[in-house]
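Engineer: The following comprises the amino acid sequence and a computationally predicted model.
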Amino acid sequence: MQLENNDHIAESSGNLSSTTPDPKKFAYRAYDKIIKYKKFDGSVKIDRVVDAGGNDLLYTAVKTMLRVDLANSLQQGEIFQMQIDWYYNINNIDVISARIGYEYFEEDKNHIFEIAALVSSNGCIY
C-alpha cells in the first residue's frame, strides 16, 4: 500500500535527493516555505493493522510504502480483509502545497479539505 503523505518526511527520497537552491535566485518566501515544510510532520502514522478476526498483523512501513505480512499466500480469486488504524496531520495548502491538504476561506469562515484516496472496484478505500 502506498503512504503518499510520507513524502512530507525529512527522510523521503524526494527530500534526500533535492539540491540546495541557489541563494541568489531564491526569494525569502521560498526559504520560509522550506523551513515550515521541515517542521511539519504530515507523515502517516500506523497505530495497528489487524485481520478480519481482530488478530494483529505484522507490517513494515518504509518511506511511502507499507507492506503487510500475511500468514498465508493468497490464491487467485481469494479475498483477504484487514483493518488499518492510521492518521496524519493535514497540511495547509497555502503553506505546504500538495495534492492533499486544506484551504481556509476567511470571507466564508470555511475550510475545504482535499483528501486523495484510492477506491477499488468493490468499494474498498485504500
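Structural biologist: Now that the structure is in, tell me what you want to look at.

Engineer: what's the pLDDT at residue 8?
Structural biologist: Looking at residue 8, its pLDDT is 66.

Engineer: Need phi/psi at residue 39.
Structural biologist: Backbone torsions of residue 39, given as degrees, to the nearest 10, read phi -80, psi -20.

Engineer: and it, how far is that from residue 62?
Structural biologist: Residue 39 sits at a distance of 23 Å from residue 62 (criterion: C-beta to C-beta, to the nearest Å). The C-beta positions use only the backbone N, C-alpha and C, and glycine is treated the same way.

Engineer: Could you pull out the helices in the chain for me?
Structural biologist: Counting by DSSP state H, the chain has helices at residues 13-17, 28-39.

Engineer: possible to save these as CSV with mean neighbour count?
Structural biologist: Converted to CSV, the helices of the chain look like this (neighbours: other C-beta atoms under 10 Å):
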stretch, mean neighbour count
helix 13-17, 10
helix 28-39, 11
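
Engineer: Identify whichever of those lies nearest to residue 76.
Structural biologist: Counting by C-beta to C-beta, residue 76 lies closest to helix 13-17 out of those; the figure is 33.0 Å.

Engineer: What spatial separation is found between the closest residue in space to residue 11 that isn't next to it in sequence and residue 90?
Structural biologist: Of all residues not flanking residue 11 in the chain, residue 63 sits nearest, at 6.8 Å (C-beta to C-beta, 6 or more residues apart in numbering). Residue 63 sits 20 Å away from residue 90, going by C-beta to C-beta.

Engineer: Would you mind stating the distance between the residue of the chain positioned farthest from its centre and residue 78?
Structural biologist: Ranked by distance from the centre of the chain (C-alpha atoms, centre = their mean), the top residue is residue 24, with 32.8 Å. Going from residue 24 to residue 78 by C-beta to C-beta gives 59 Å.
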